[in-house]
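What follows is a protein structure lacking sequence information:
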């Protein structure tokens, strides 16, 4: 990596964990560059920012995703077995599912739902002497995205789901108790999501076919297995093939 600026210190793992979203951009600004070299988990790593760097990361022939993300991030922010860790045809097929939810009309629907929630919250904010916007927006977005995805959300569980969803990104790279709380949040959210998906497959829930809940619950990867069925293969649990119920 001759000629590339280097970050301070022998290894930047702790710096990245302390500031997971700002470490690369802030280091680039400090070095007056758009890329630099360092070590992450003692492995030589090149960090980049900017439009050109983004294009590199979307090039299927230059990088691989499998094994690139630290396990602690998979167990919190991304989830194990997610699209971010797939390559080739498997990645493209799973990505197709998510992109089917990203059409102009679908994005406009989410925006409309969010603005509707904002209109509902605003009068209450005006009546207060102080508003912690971060807390309010987290709750508002939790409600909005669940409504958009056609995920039922009881009033009694709003605060719980808000806190769990927040932990996934806020404490993904944290050390100690915060990290373990984020992992616990991931575990509980996945159990909740699994119940909802099974209810759709069993016909107990019938969201509209274009909804995120319906599309994810009925999606099959290239080999005919759903994501959760794939995780069960080889563990003694029976998995069902394409065309079977559930």
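Yes, it's here. Owing to the predicted nature of the structure, the values given are computational and were not obtained by experimental measurement. Residues are numbered from 1 along each chain as shown.

Sketch out the helices for this protein, chain order is fine.
Remark: helices assigned in the chain by DSSP state H are 13-18, 23-31, 51-57, 71-73, 88-99, 104-126, 133-149, 158-170, 177-201, 212-218, 227-232.

Can you give me the buried ones in the second one?
Looking back up the chat, that one is helix 23-31. 23, 24, 27, 28 (16 or more other CB atoms under 10 Å). Yep, even glycine has a C-beta here, placed from its N, CA and C like the rest.

In the protein, where is pLDDT below threshold?
Scanning the chain for pLDDT under 70 picks out 1-2, 225-246.

how about CSV for the helices of the chain, with distance to residue 37 added?
Shown next, in CSV, are the helices of the chain (distance: least, CB to CB, whole Å):
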stretch, distance to residue 37
helix 13-18, 14
helix 23-31, 10
helix 51-57, 14
helix 71-73, 21
helix 88-99, 27
helix 104-126, 37
helix 133-149, 34
helix 158-170, 27
helix 177-201, 27
helix 212-218, 39
helix 227-232, 35
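
Those helices: which one's closest to residue 44?
helix 13-18 (12.6 Å; CB to CB).

From residue 90, how far out is residue 220?
Distance, residue 220 to residue 90, using CB to CB, to the nearest Å: 12 Å.

nope, residue 188 is what I meant
27 Å.

now do residue 216
Residue 216 is 16 Å from residue 90, by CB to CB.

next one: residue 67
From residue 67 to residue 90 the distance is 14 Å (CB to CB).

Show me which of those two is the more surrounded one.
A direct count of neighbours by other CB atoms under 10 Å for residue 67 and residue 90 places residue 90 higher, at 15 against 9.

Wait, the more buried one touches residue 97, no?
No. The criterion here is CB atoms under 8 Å, and residue 90 misses it with residue 97 at 11.7 Å.

what comes into contact with stretch 112-127?
131, 136, 140, 141, 143, 144, 147, 148 (CB atoms under 8 Å, 6 or more residues apart in numbering).

Redo the residues you listed as JSON lines? Include neighbour count.
Below are the contacts of stretch 112-127 laid out as JSON lines (neighbours: other CB atoms under 10 Å):
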{"residue": "131", "neighbour count": "15"}
{"residue": "136", "neighbour count": "16"}
{"residue": "140", "neighbour count": "18"}
{"residue": "141", "neighbour count": "18"}
{"residue": "143", "neighbour count": "21"}
{"residue": "144", "neighbour count": "20"}
{"residue": "147", "neighbour count": "17"}
{"residue": "148", "neighbour count": "20"}
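
No further questions, thank you.
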